[in-house]
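# quick one, structure for this:
(2 chains)
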Amino acid sequence: MTKLYADINSESYEVEYISRNRIILNGKEYQVELEPLEKNIYQIVLNNKRHKIFIDEIESGVFHSITSGETFTVSIESDLERKAKKILNKNINQNSNKNIKAPMNGLIVKINKNVGDKVEKGESLIVLEAMKMENEIKSSTSGIIKTSICEVGKSVDREELLFIIE
Amino acid sequence: MFKKILIANRGEIALRIIKACKELNIISAVVYSDADRSALHVREADEAYRVGGPKAEDSYLDQEKIISIAKEIGAEAIHPGYGFLAENYHFIENIEKAGMAFIGPSSESVKIMGDKTSARKLMSQNNVPIVPGTTEPISSIDDAKYSALEIGYPILLKAAGGGGGKGMRIVENESELLNSFNLAKSESKKAFGRDDIYIEKYLNNPKHIEVQILADHYGNYRHLFERECSLQRRHQKIIEEAPSPSIDENDREKITQIAIDASKASNYHNAGTIELLMDENKNFYFLEMNTRVQVEHPVTEFIANIDIVKEQIKIASGKKISFDQEKIKIIGHSIECRIYAEDPKNNFSPSVGKISNHDTPCGAGIRIDTGIDRNSEVSIYYDPILSKLVSYGRDRDEALNRMILALKNYFITGVTTNISFCKWLIQHPDFRDNNFNINFINDKIEHFLKEQEGSKNLSNEKIISILTSALLYSENHSSKISVNCPSVQNNWINQDDEAVC
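As a prediction, the model looks like this:
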């Protein structure tokens, strides 16, 4: 039996993996059967009812799923990983640099903050244009901008590093 | 009838027009940008021609290039779809000059209706009720103060040059006026190249109701009843339906007459839509006329059993409207959800990527107008609409139930979509009970976000997602966990477990 943690939205659940056909979730045991149908598409059988689910491991342990019109991101961690992460997080917190990444592909149309500027959490950093719409990219942290790659007219990819805030 | 038509658009509407062409035995030609080289509309058309780079200005908005391609390939008409050049009267003029037909109204009608103040003036002169306000642009801040006092706060400042919420500001009182006036002007200048602003009374909690009309070149005017499109975000519709659940037969008679009068006043031909606002006392006001086929035309096609796009093509080729008004009756109810590549949980920000799965629902009363397929690229260059899911039923309840089922069975992966949000809206008790207006999404979005984030209830969908994730994790990461796995027993079948589904 293996203890896992599942984070879904902002909730966390304990999962006990007993075998391929038996899993305890939130204290309740489920009899399951998982069959692949095609790439990223599975059928999971629960109490004689088949459910179609699209699921993709977008990064290690992070699953993006769609079933019955509902979309979820589920992060699964083993006990060990959770402990390791706790230690890592401690280190990250001591190092106070924060990275601001582009949430989507787009074109920088306006820059509100430059290197050396002080920003408050929630303040607008740049305006990114994507699909005819202008999207304000707000700072997720407070501090002083240490580096910036932003230039008006530059296109950026999703997850591209825009600012480092100290 | 035309032999060949050029479609100056992309995505689902280009595909919709291609279908109409095929039914009418017309050769369909499309243009495409470099970003759309292998797009679905390019694959489905009879002929496809490159027009330019991925940016809209370099491709779908390059009117000179589009017209010269049309001439070169011997197209007799151009269908603009919606958006891009559809409401650009210069484009229409140039097509007319080049000796081709434009599948839409005359450049004159588009010009009058495109200028919001001239449209308001024309309507007012023809006894079509308009939202109280000015029919001339406001020249100065003093002018604005005077008009605002006369109309009464709260007011809306709006751009004369166009719609879509750009250059629009709600003003609650005089102290806000100066700042908003300047903001609206500069936004309008940026969006439409002109900074004319006019004032409208701000209506409390109105509903958006619109009437579909068709007119031919022989003075025949027909309406195809109304649609209600009150569910909007950022002044853009998401869910539409026909008929409106909010009006009765008397109201219907009134607004269809308003629509016919408005169309006649602008000497209109081809398909068009008169958009109206209905206040809490069931007063109707002309908002604007859309001089093109609407995104939401399929709901009308369902209830009136008329193919609007085919009718457009026939009218442009010089044919008379194919039906009499008395022969058309509303049968049943239809609902449309616009499926967008956007994230409702993140302020509806657009999502881009490659479609990895596109698994569509089907069945009685379900229609999908799609612009994508597996492997389609959703890029930053164009509107994020992916497809339109339309349901039809004998009554509103049946149409709603079919829509819920269809949304549950519609899977798109590779980009984030608004499918779960549409499902939430359709299932909302206030939407079911017809207790909604154009502020509905604004008022309810917090509630939706809270439910998504904080709800402790472990729904079936969540259980399924967690169990599947845990199983795949254990398969993919077996080295990270040491499983003291007892011999696997396939004993799920006979478990007398509590039902979860």
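# what about A:Lys85, how many residues nearby?
12 (other C-beta atoms under 10 Å in any protein chain shown). Glycine gets a C-beta too; all of them are placed from N, C-alpha and C.
# break down the stretch 251-400 of chain B into its strands, ranges please.
B:270-278, B:284-290, B:333-340, B:342-343, B:349-350, B:353-354, B:357-359, B:366-370, B:377-378, B:385-393 (DSSP state E, counting those that start in this stretch).
# mean pLDDT, distance to chain A and mean neighbour count for these - can I get that in TSV?
Output for the strands of the stretch 251-400 of chain B, formatted as TSV (pLDDT from 0 to 100; distance: least, C-beta to the nearest C-beta, whole Å; neighbours: other C-beta atoms under 10 Å in any protein chain shown):
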stretch	mean pLDDT	distance to chain A	mean neighbour count
strand B:270-278	97	20	24
strand B:284-290	95	17	23
strand B:333-340	98	9	26
strand B:342-343	92	8	22
strand B:349-350	86	4	24
strand B:353-354	91	8	15
strand B:357-359	91	6	17
strand B:366-370	98	14	18
strand B:377-378	92	9	20
strand B:385-393	98	9	24
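# shaky segments in the chain?
Defaulting to chain A. Where chain A drops to pLDDT under 70, the residues are A:90-97, A:132-133.
# that's the wrong chain, I wanted chain B
Low-confidence segments of chain B (pLDDT under 70): B:454-456, B:479-501.
# ok, back up a step: and of the strands of the stretch 251-400 of chain B, who's closest to A:Ile66?
strand B:357-359 (8.6 Å; C-beta to C-beta).
# mind giving me the packing neighbours of the closest one?
Judged by 3 or more C-beta pairs under 8 Å, 6 or more residues apart in numbering or on different chains; DSSP states H and E, the packing partners of strand B:357-359 are strand B:411-413.
# now do the helix or strand just after the strand it packs on against strand B:333-340, angle only.
Following strand B:411-413 in sequence order, the next helix or strand is helix B:419-427 (DSSP states H and E). Note on geometry: by axes from the mean of the first three to the mean of the last three C-alpha atoms, to 10 degrees, helix B:419-427 and strand B:333-340 are set 150 degrees apart in direction.
# what's near enough to touch A:Thr71?
Taking C-beta atoms under 8 Å, 6 or more residues apart in numbering or on different chains, we find A:Thr71 in contact with A:His64, A:Ser65, B:Thr416, B:Thr417, B:Ile419, B:Ser420.
# quick one, which of the residues you listed are buried?
Buried members of the contacts of A:Thr71, counted by 16 or more other C-beta atoms under 10 Å in any protein chain shown: A:His64, A:Ser65, B:Thr416, B:Thr417, B:Ile419, B:Ser420.
# which of those residues lies closest to B:Ser474?
Nearest to B:Ser474 among the buried ones among the contacts of A:Thr71: A:Ser65, at 15.6 Å, using C-beta to C-beta.
# a markdown table for the strands of the stretch 251-400 of chain B, including distance to B:Leu157?
Below are those laid out as a markdown table (distance: least, C-beta to C-beta, whole Å):
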| stretch | distance to B:Leu157 |
| --- | --- |
| strand B:270-278 | 16 |
| strand B:284-290 | 15 |
| strand B:333-340 | 28 |
| strand B:342-343 | 27 |
| strand B:349-350 | 26 |
| strand B:353-354 | 37 |
| strand B:357-359 | 42 |
| strand B:366-370 | 35 |
| strand B:377-378 | 34 |
| strand B:385-393 | 28 |
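# B:Pro245: which of the ones you listed is closest?
Closest approach to B:Pro245 among the strands of the stretch 251-400 of chain B (C-beta to C-beta): strand B:333-340, 8.2 Å.
# phi, psi for the residue of chain A found nearest chain B please.
Using C-beta to the nearest C-beta, A:Gln31 is the residue of chain A that sits closest to chain B, at 3.4 Å. Dihedral angles phi and psi of A:Gln31 (degrees, to the nearest 10) take the values phi -90, psi 120.
# ok, now the one 5 residues further on?
Here the main-chain torsion angles of A:Pro36 (degrees, to the nearest 10) amount to phi -70, psi 140.
# hey, what's it bridged with?
Beta-bridge pairing of A:Pro36 under DSSP bridges involves A:Tyr42.
# again, but for A:Ile23
Residues in beta-bridge contact with A:Ile23 (DSSP bridges): A:Tyr17, A:Tyr30.
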